[in-house]
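Chemist: Sharing a sequence plus its predicted fold:
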Amino acid sequence: MPVEYQFPDPCSADSDGLLAVGGDLNNESLITAYSQGIFPWYDENSPILWWSPDPRLVLFPEKFRVSSSLRQRIRSKTYEVRTDTNFEGVIRNCAAVKRNGQKGTWITEEMMHAYINLHLAGFAHSFETYLDGTLVGGLYGVSLGRAFFGESMFYHMRDASKVALYSLVEWAVQHQFHFIDAQQSTAHLQSLGAAEISRISFMKLLQEALNFETLKGMWKLNVNF
């Protein structure tokens, strides 16, 4: 029988948040990692690296800030938002985005295949923004209990990723999710209401969220914003 992968205590991570090196990205390893507040992040030139940063950036759905411009966009119903209809398209677009200060992408082919498998198992989900039937923005992440772990987002049209995030927040509120994990701090997410909390506080919130049943399977949402 395969041996279940064991992670070190998340609080033993170094000052940058690096916790462990190696292992694999099968469904069992990923679910075990996320249930302990750990996530993989590495590039094609390194082994699999597992992280548990301190502090942690978290967005509480009720504290999401909707700017006046985003509110106008939502009222205009420019975009159609769907869930879980093109997960692979979302993750491949996220991988192709050029980001400031980064060479290449951390979303390797190995990473993409791993999360596509997790999606097929009902644990990973995508929020997709369409304009006239064309995918122009979106995000993906992992859901366990009443926690959503955001992984990455992209946009090709103005506000397309923000509309996807707005849709995720609305979904989270409707289904009583406790928080959306944004992992590491960015000024953009903080401007939308995300806040840094300590690792200890995050782990407590996570354990509370995991007391609830995971909403597995393909999520169904099709609205215009």
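Modeler: Yes, it's here.

Chemist: who does the longest helix seen in the chain touch, helix- and strand-wise?
Modeler: In the chain, taking DSSP state H as the definition, the longest helix is helix 160-174. When contacts are defined as 3 or more C-beta pairs under 8 Å, 6 or more residues apart in numbering; DSSP states H and E, helix 160-174 sits against helix 68-75, strand 80-83, strand 124-131, strand 134-144, strand 147-155, strand 179-183. Every residue, glycine included, has its C-beta placed from N, CA and C.

Chemist: Which strand residues bridge the residue nearest the centre of the chain?
Modeler: In the chain, the centroid-proximal residue (C-alpha atoms, centre = their mean) is residue 150; its distance is 1.4 Å. When assigned by DSSP bridges, residue 150 has beta-bridge partners residue 141.

Chemist: Tell me which residues touch it, please.
Modeler: The contact partners of residue 150, taken as C-beta atoms under 8 Å, 6 or more residues apart in numbering, are 59, 139, 141, 168, 180-183.

Chemist: what's the domain layout of the protein?
Modeler: The chain resolves into domains spanning 10-51, 56-224 when parsed by automatic domain parsing.

Chemist: helices and strands of this structure: which one has the lowest mean pLDDT?
Modeler: strand 222-224 (a mean of 85; mean pLDDT, DSSP states H and E).

Chemist: what does that strand rub up against?
Modeler: Against strand 222-224 from outside (C-beta under 8 Å, 6+ apart): 77, 79-83, 167.

Chemist: Ok, stretch 166-178 next?
Modeler: Taking C-beta under 8 Å, 6+ apart as the rule, stretch 166-178 contacts 59-62, 64, 66, 70, 74, 81, 83, 127, 139, 141, 146-148, 150, 180, 205, 208-209, 215, 219, 221, 223, 225.
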